[in-house]
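here is a sequence with its predicted model. Questions after.
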Number of protein chains: 2
Amino acid sequence: MALENGEKPGSSFVAVRKPNDCTILLLRLVAFLATLAATLVMALNKETKTLVVATIGTTPIKATLTAKFQHTPANVFFVVANAMASLHNLLMIIVQLCGGKFKDKGLRLVMMAILDMMTVALLSSGDGAATFMAHLAKKGNSHARWNKICDKFDKFCDHGGGALIASYIGLLLLVVITVLSIIKLLKAK
Amino acid sequence: MALENGEKPGSSFVAVRKPNDCTILLLRLVAFLATLAATLVMALNKETKTLVVATIGTTPIKATLTAKFQHTPANVFFVVANAMASLHNLLMIIVQLCGGKFKDKGLRLVMMAILDMMTVALLSSGDGAATFMAHLAKKGNSHARWNKICDKFDKFCDHGGGALIASYIGLLLLVVITVLSIIKLLKAK
């Protein structure tokens, strides 16, 4: 802990903080890309299929069905949460790169840690909602008589799964970033 | 900010910290009760109904259906998340009441802030999942042909809604607690 070393505060402060800042910046960049990818993959997720719904004599009756992410509120929330997380990380990268002139360093670090924590909460909520909705789409729920739809819209479900994985990578990185932000607070004196 | 005042560190430290600790303790207690209530209400949520599924001549054919929280994975996760949050708050209350003897105060505060943040993420994920599943149960989803079930199991849905509200109160308090934990870190020098 920085509390225990007896070095000159100024020099040790710089030596400790510089690599930490770089790590956080890099993590933020990867997290930003991950949540951005999740946003785009989910937002562009759409599959149209023509299914045979009945047969009269030998003539098949076809229906064209479209699966869109907008049809499920949980997926809309997922897109919003990921877009917000991307925006947050982008803003924090800008603040970290250009915010060296701010006077009140303590307040800035506290604000960053709090905003990080809130973004983690938002993103984790979006991921939770979309994950269980995806589980329902894949497996169905016999008790509620909700049929699975992934057997019909397999590409739609694959893309959704990809977006979920990207979003979870972003969430994991954001949790690590928040932990580092919190640890930084103790060092910043 | 505490950085700027020129008072004797010891006295101002005590004056600032004492009420803050008390506030956090009180908030934690209410958050604990809220998440505990959410856990219990959801875990005990069960409704059995006898419905007429068909009529042959004048004889109605009845079926007994039971709605249980275990039937929906999102609700199981909701119960686990709320139970974990209750346990976390209970442990933190014990640490705060009995942990005065620990030497490394900085490390303890960092650990508490990090654990708070992770509990917020877990609880928020559980709330997100259960909320969108409840929305589906209430409104249905015509695109995926998932019918609403709240018209049949109204008591089940009401109890689930109550659990959600309690859990959201717990989540809100936990976010406030985490913010206070983070602010405390800057003051603890």
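Thanks, I have the structure now.

so which residue is dead centre in chain A?
Taking C-alpha atoms, centre = their mean as the criterion, residue A:167 is the residue nearest the geometric centre of chain A, at 3.8 Å.

I figured that residue hits residue A:82, correct?
Yes: in this structure residue A:167 lies within contact range of residue A:82 using C-beta atoms under 8 Å: 5.6 Å. From N, CA and C alone the C-beta is placed, and that goes for glycine too.

anything in contact with each of these two?
Taking C-beta atoms under 8 Å, 6 or more residues apart in numbering or on different chains as the contact rule, residue A:167 and residue A:82 both touch A:35, A:38, A:123, A:126.

so of these, which ones are in helices?
Judged by DSSP state H, the shared contacts of residue A:167 and residue A:82 include A:35, A:38, A:123, A:126 as members of helices.

just the helices from chain A, written as ranges.
Using DSSP H, the helices of chain A run over residues A:9-43, A:73-98, A:105-139, A:154-187.

and the first one, average pLDDT?
So that's helix A:9-43. Mean pLDDT, helix A:9-43: 77.

pLDDT score assigned to residue A:97?
Residue A:97 is assigned 85 on the pLDDT scale.

who's in contact with it?
Applying C-beta under 8 Å, 6+ apart to residue A:97 gives the contacts residue A:25.

would you mind measuring from residue A:83 to residue A:38?
According to C-beta to C-beta, to the nearest Å, residue A:83 and residue A:38 sit 9 Å apart.

and the residue at the greatest distance from the centre of chain A, what are its phi and psi?
Note on chain A: the largest C-alpha distance from the chain mean falls to residue A:57, namely 50.5 Å (C-alpha atoms, centre = their mean). Backbone torsions of residue A:57, given as degrees, to the nearest 10, read phi 70, psi -120.

returning to what we had before: how far away is the residue nearest to the centre of chain A from chain B?
Plainly put, residue A:167 is 12 Å away from chain B if you go by C-beta to the nearest C-beta, to the nearest Å.

can you count the residues close to residue A:40?
When neighbours are defined as other C-beta atoms under 10 Å in any protein chain shown, residue A:40 has 16 of them.

what's the nearest residue to the residue nearest to the centre of chain A if we skip its chain neighbours?
Distance criterion C-beta to C-beta, 6 or more residues apart in numbering or on different chains; nearest residue to residue A:167, sequence neighbours excluded, is residue A:38 at 3.8 Å.

so what's that neighbour up against?
By C-beta under 8 Å, 6+ apart, the contact list for residue A:38 reads A:78, A:82, A:163-164, A:166-167, A:170.

and which of those is nearest chain B?
residue A:78 (9.2 Å; C-beta to the nearest C-beta).
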